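Asks: With the input below, show me the fold.
(2 chains)
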Amino acid sequence: EDQVTQSPEALRLQEGESSSLNCSYTVSGLRGLFWYRQDPGKGPEFLFTLYSAGEEKEKERLKATLTKKESFLHITAPKPEDSATYLCAVLSGTSYGKLTFGQGTILTVHP
Amino acid sequence: DTGVSQNPRHKITKRGQNVTFRCDPISEHNRLYWYRQTLGQGPEFLTYFQNEAQLEKSRLLSDRFSAERPKGSFSTLEIQRTEQGDSAMYLCASSPGTGGDTQYFGPGTRLTVL
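Replies: A predicted model of the protein is given here:
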């Protein structure tokens, strides 16, 4: 069965203090790894899709990377508006479309 | 291009009542998904439609849950004889199918069962 584990569960940063979130996964034939941002009471907002080891994607202060067993979401010089829960999910090659999510990392950025 | 919409946004019901939620996907997206999310957890997959065909269902989808997507457009998720354990956020997502696996989520329907 596909599994996704995210760490840490919660991360508190000062504004400008760069850090990384980890997503470890086991999956039957990775078809894609997805990062989402979720604000309280709202649906997940798509950030990145990664398909193969070595791939990297960037958007503003965020950069996602992928290896064969894990993905990292690097946050450079974060701002308070980056505070949210960050979710990682995998899509298996044996599934029609089921995403398996981790439990998320709650990021808080203090001014 | 409007996003995925869900109605209602909030639903409060008494145990034992039936509830129905609606999801309108992004136009021209032929794939539609339902997930359930409880507090502090990531979303859990419930079911998947390609056009009007329901192709995958989770073991989480008990006999009290049913989903439809008539004509391959909007979808409904019905929960019969609700239980307190059904309280959760119900999320709908859609994807374009050919040319993209990325799922785009709606705002969710928050269900509270008293």
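Asks: okay, CA-based contacts and neighbour counts for the rest of this
Replies: Noted.
Asks: do stretch B:29-43 and chain A meet at all?
Replies: Yes. If you take Cα under 8 Å from any Cα of the partner chain as the test, stretch B:29-43 does meet chain A, through B:33, B:40-43.
Asks: and chain B, which residues reach chain A?
Replies: With the criterion set to Cα under 8 Å from any Cα, chain B comes near chain A through B:33, B:40-45, B:47-48, B:55-56, B:91, B:101-108.
Asks: Is it possible to mark the buried ones in the residues of stretch B:29-43 next to chain A?
Replies: B:33, B:42-43 (16 or more other Cα atoms under 10 Å in any protein chain shown).
Asks: CSV for those, including pLDDT and secondary structure?
Replies: As requested, those are exported to CSV (pLDDT from 0 to 100; DSSP: H, G, I helix; E, B strand; the rest coil):
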residue, pLDDT, secondary structure
B:33, 97, strand
B:42, 97, coil
B:43, 98, coil
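Asks: can those residues go into CSV with extra columns for distance to residue A:69?
Replies: Formatted as CSV, the entries for these read as follows, by distance: Cα to Cα, whole Å:
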residue, distance to residue A:69
B:33, 26
B:42, 19
B:43, 21
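Asks: picking that back up, farthest pair within the residues of stretch B:29-43 next to chain A?
Replies: The two members of the residues of stretch B:29-43 next to chain A with the most space between them (Cα to Cα) are B:33 and B:40, at 20.8 Å.
Asks: and the residue lying closest to residue B:82 once chain neighbours are set aside, what are its phi and psi?
Replies: Using Cα to Cα, 6 or more residues apart in numbering or on different chains and skipping the chain neighbours, the partner closest in space to residue B:82 is residue B:16 (4.8 Å). Per-residue torsions, residue B:16: phi 100, psi -10 (degrees, to the nearest 10).
Asks: number of nearby residues for residue B:16?
Replies: 14 (other Cα atoms under 10 Å in any protein chain shown).
Asks: how close does it sit to residue B:111?
Replies: 13 Å (Cα to Cα, to the nearest Å).
Asks: which non-adjacent residue is nearest the residue nearest the centre of chain B?
Replies: The residue at the geometric middle of chain B, judged as the C-alpha nearest the mean C-alpha position with Cα atoms, centre = their mean, is residue B:34 (3.3 Å). Taking Cα to Cα, 6+ apart, and ignoring the residues beside it in sequence, residue B:34 has residue B:92 as its nearest neighbour in space, at 4.6 Å.
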